[in-house]
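> Sequence first, then the predicted structure:
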Amino acid sequence: MLHETVGRGETITYGGLAARSGTEVPARGIGSIMGANPVPLIVPCHRVVAGDGLGGYSGGDEGHGLETKRWLLEHEGALPTSLF
């Protein structure tokens, strides 16, 4: 669903994705699901952000996930203005 509905240059919050899923999964649960994503560039979980920041990211070099997430979002022109 994520790769079909949140395209390049777009972001969605964990809560927004939870609401869009039509399930009872809360935003924190969506975060756990995104963190377990084995193919983060194919299923672009870097496009899912927290309501008050970047949130987390399990892709990229160990210990540099948020740097990788920020770079990917900047590269796509999708870094939310409030996160600059």
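Received the coordinates, thanks.
> show me what contacts residue 68?
46, 57, 59-61 (Cβ atoms under 8 Å, 6 or more residues apart in numbering). (Glycine included, C-beta is placed from N, CA and C.)
> again, only this time at 7 Å
Residues near residue 68 by Cβ atoms under 7 Å, 6 or more residues apart in numbering: 57, 59-60.
> Can you tell me which of these has the most neighbours?
Comparing the contacts of residue 68 by number of neighbours (other Cβ atoms under 10 Å), residue 57 comes first, having 23 neighbours.
> Need the pLDDT of that residue.
We have a pLDDT of 87 for residue 57.
> Pull the number of nearby residues for residue 10.
Neighbours of residue 10 (other Cβ under 10 Å): 12.
> Just to check, it is in contact with residue 49?
No - the pair residue 10 and residue 49 does not pass the contact test of Cβ atoms under 7 Å, sitting 10.6 Å apart.
> For residue 40, see how far away residue 75 is.
As judged by Cβ to Cβ, to the nearest Å, residue 75 and residue 40 stand 14 Å apart.
> Settle it for me: which of those two has more neighbours?
Between residue 75 and residue 40, residue 40 has the larger neighbour count (other Cβ under 10 Å), namely 19 against 12.
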